[in-house]
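Participant: Quick one, fold the following:
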Amino acid sequence: MSWLDLIDNARFLSKLFPDQPPSLSAIRLHEIQLHQDGPRIILRLDLNEYPASPPDKWSVADCNTVQVPLNSTCRMM
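Facilitator: Prediction:
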């Protein structure tokens, strides 16, 4: 199991990094949001890795960092 299995809407990241999920080591955390209206958290961070085949619009814009909002709903056990 990877960390992508624990977050909502990880499909896009899985397509960007098809061989293995990017490491969470040495990320830059920009923001943490805790929502009172449900067991939900959002982390906004820069990944330390850049995809080998980024979307064309990223290449045209000369992007060099992937910033991700990780949305997760806590699951009660």
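Participant: all contacts plus neighbour counts: C-alpha atoms, from now on.
Facilitator: Fine.
Participant: Quickly run through the sheet partners of the strand or helix carrying residue 69, with directions.
Facilitator: Following DSSP states H and E, the helix or strand that holds residue 69 is strand 67-73. Using DSSP bridges, strand 67-73 pairs in its sheet with strand 40-46 (antiparallel).
Participant: so how far is the helix or strand of the chain with the lowest mean pLDDT off the chain centroid?
Facilitator: Sorting the helices and strands of the chain by mean pLDDT, DSSP states H and E puts strand 67-73 at the bottom, at a mean of 80. Centre-to-centre, strand 67-73 and its host chain are 6 Å apart (CA atoms, centre = their mean, to the nearest Å).
Participant: got it, and stretch 45-59?
Facilitator: 11 Å.
Participant: right, and residue 44 touches residue 69 too?
Facilitator: Yes: counting by CA atoms under 8 Å, residue 44 touches residue 69, with 4.2 Å between them.
Participant: separation between the closest residue in space to residue 46 that isn't next to it in sequence and residue 7?
Facilitator: Nearest residue to residue 46, sequence neighbours excluded (CA to CA, 6 or more residues apart in numbering): residue 67, at 4.3 Å. Using CA to CA, to the nearest Å, residue 67 is found at 15 Å from residue 7.
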